[in-house]
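Novice: Using only what follows, build the 3D model:
(one chain, ligands or ions: 1)
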Amino acid sequence: MERRATRPARARRHAARTAACRARARPRRAPRPRRPLQPLTSRPGRGQIMSRNSTLLAIAATIALTGIAVAHGPSSPAGEAGHAGSVTRTVEVRMLEGDGRMLFEPAEITIKRGDTVRFVVKNAGALDHEMVIDTLEGNQRHKAAMERNPDMEHADPNAVKVEPARTGEIVWRFTNAGTFEYACLIPGHYQAGMHGRINVR
Ligand SMILES: [Cu+2]
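Specialist: Numbers count the residues shown, from 1 in each chain. Okay, here's the model as predicted:
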């Protein structure tokens, strides 16, 4: 009985701690399972079994949500938050719009594994844009979440939102070789062309 009450609560607290992207953890909370009626005999009735199943479902749903939040934390296969004092390279990136397209310039960057890169991100367009560094799959998942929840705010070290005519920064350390992506996940922008490749070798 105690497990039932404390486990989802603990998972939620964990999600709150690890998820810089709070908006994602908030909206879909697993329904609180209804307490079974006091049984008249010691044998579990049908209602009690059903209730136990819904409790397990609720716990599974909470764990699934927490898993998403953890994947969104400061460290990912794409790397980890870098320290400003350890920057080994600076890369300038521009955000642009025009001819019905939105894009990053350059659209591809090659980086040496282990480098800590300071991205200086200038918004040369007329709209707000963001740059999110992640795996391709991570960005797709995140993009889908933002389509469901467009007001999502980020405080993640792998992302920066930049207003028109402003400059933002990301300091990121690339710990793994592979192909990663920087993308603007504001609904519609990725589809308009706003994504680029990062090759880490
Ligand atoms: Cu954008």
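Novice: buried residues in the lengthiest strand in the chain?
Specialist: As far as residue count goes, and with DSSP state E defining each element, the longest strand of the chain is strand 89-98. For strand 89-98, burial by neighbour count (16 or more other CB atoms under 10 Å) applies to 91, 93, 95, 96, 97. Every C-beta, even on glycine, is put in place using the N, C-alpha and C of the backbone.
Novice: Could you check the pLDDT of residue 76?
Specialist: Residue 76 carries a pLDDT score of 86 in this model.
Novice: Equivalent analysis for residue 40, please.
Specialist: 41.
Novice: Show the end-to-end separation of stretch 129-138, please.
Specialist: Taking CA to CA, to the nearest Å, the span from the opening residue of stretch 129-138 to its closing residue is 18 Å.
Novice: Give me the average confidence score over it.
Specialist: Taken as a whole, stretch 129-138 has a mean pLDDT of 96.
Novice: Show me which residues of that stretch are buried.
Specialist: Of the residues in stretch 129-138, 129, 130, 131, 132, 133, 134, 135, 138 count as buried by neighbour count, 16+ other CB under 10 Å.
Novice: Can that stretch be said to contact the ion?
Specialist: Yes - applying CB under 5 Å from the ion, one finds stretch 129-138 touching the ion at residue 129.
Novice: residues in contact with that stretch?
Specialist: Contact with stretch 129-138 is made by 71-72, 76-79, 93, 95, 102, 104, 119, 121, 123, 139, 142, 154, 156, 158-162, 168, 170, 172, 178-186, 189, 194, 198, as judged by CB atoms under 8 Å, 6 or more residues apart in numbering.
Novice: Distance of the closest residue to residue 129 other than its chain neighbours relative to the ion?
Specialist: Nearest in space to residue 129, with sequence neighbours left out and distances taken as CB to CB, 6 or more residues apart in numbering, is residue 95 at 4.3 Å. Between residue 95 and the ion the distance, using CB to the ion, to the nearest Å, works out to 6 Å.
Novice: Please apply the same query to residue 76.
Specialist: Look at residue 76 and the ion: by CB to the ion, they are 21 Å apart.
Novice: and that residue, what are its bridge partners?
Specialist: residue 79 (DSSP bridges).
Novice: packing partners for the longest strand of the chain?
Specialist: Strand 89-98 is packed against strand 101-105, strand 116-123, strand 129-134, with contacts defined by 3 or more CB pairs under 8 Å, 6 or more residues apart in numbering; DSSP states H and E.
Novice: what residues are up against residue 97?
Specialist: Residues counted as contacts of residue 97 (CB under 8 Å, 6+ apart) are 103, 125, 126, 127.
Novice: try it again with 7 Å
Specialist: Under the criterion of CB atoms under 7 Å, 6 or more residues apart in numbering, the contact list for residue 97 reads 125, 126, 127.
Novice: Switch these over to JSON lines; also include distance to the ion.
Specialist: Below are those laid out as JSON lines (distance: CB to the ion, whole Å):
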{"residue": "125", "distance to the ion": "8"}
{"residue": "126", "distance to the ion": "11"}
{"residue": "127", "distance to the ion": "6"}
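Novice: Show me the chain divided up by domain.
Specialist: The record's domain parsing of the chain by automatic domain parsing lists 2-71, 77-200.
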